[in-house]
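Colleague: fold the stuff below for me.
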Amino acid sequence: MKELVPEELLKWVAKATTEVELVAGESRSLMGEPVNKFRMATRRVHAAALELAKRAVATGENWHVRENARLREQVIGLKKDVEALRAEEASLRGKAAFHSGPGNPK
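Modeller: Sure, this is the predicted structure:
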């Protein structure tokens, strides 16, 4: 399924939900409320799949490019933060080496 394009995936979902509705309607052991629940659930699944397919087509592959660029910017920012923290740590270690504490008088 991963290799299906949104339109093909939507067709697959439509077929599967139709089959579930047919089984729910034709089953002699299912009557009343369970049949209605099956039908409503399949309609919700079909509607959700349709919405996802629309979004996938609307955003296209540009979404991946934008997300990749956003993540690269985030990584660059995090690298700068790490560098700043390392510099601060080195500075604090240098100050601690010259500090004479109560147990280490000069």
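Colleague: from Arg44, how far off is the residue nearest the centre of the chain?
Modeller: The centre of the chain sits closest to Glu67, judged by Cα atoms, centre = their mean, with a distance of 11.6 Å. With distances defined as Cβ to Cβ, to the nearest Å, the gap from Glu67 to Arg44 amounts to 28 Å. (C-beta placed from N, C-alpha, C; glycine too.)
Colleague: also Lys80?
Modeller: In this view, Lys80 and Arg44 are 46 Å apart by Cβ to Cβ.
Colleague: all the helices of the protein, residue numbers only.
Modeller: Taking DSSP state H, the helices of the chain run over residues 6-26, 33-59, 62-98.
Colleague: ok, and what's touching stretch 47-66?
Modeller: Stretch 47-66 is contacted from outside by Pro6, Glu7, Leu9, Leu10, Val13, Ala14, using Cβ atoms under 8 Å, 6 or more residues apart in numbering.
Colleague: quick one: mean pLDDT over it.
Modeller: Confidence for stretch 47-66, expressed as mean pLDDT, is 74.
Colleague: list the buried residues in that stretch.
Modeller: By neighbour count with 16 or more other Cβ atoms under 10 Å, stretch 47-66 contains the buried residues Ala49, Ala53, Ala56.
Colleague: next: stretch 23-34.
Modeller: Judged by neighbour count using 16+ other Cβ under 10 Å, the buried positions of stretch 23-34 are Ala24.
Colleague: now do the same end-to-end measure for that stretch.
Modeller: End-to-end distance of stretch 23-34 (Cα to Cα, to the nearest Å): 12 Å.
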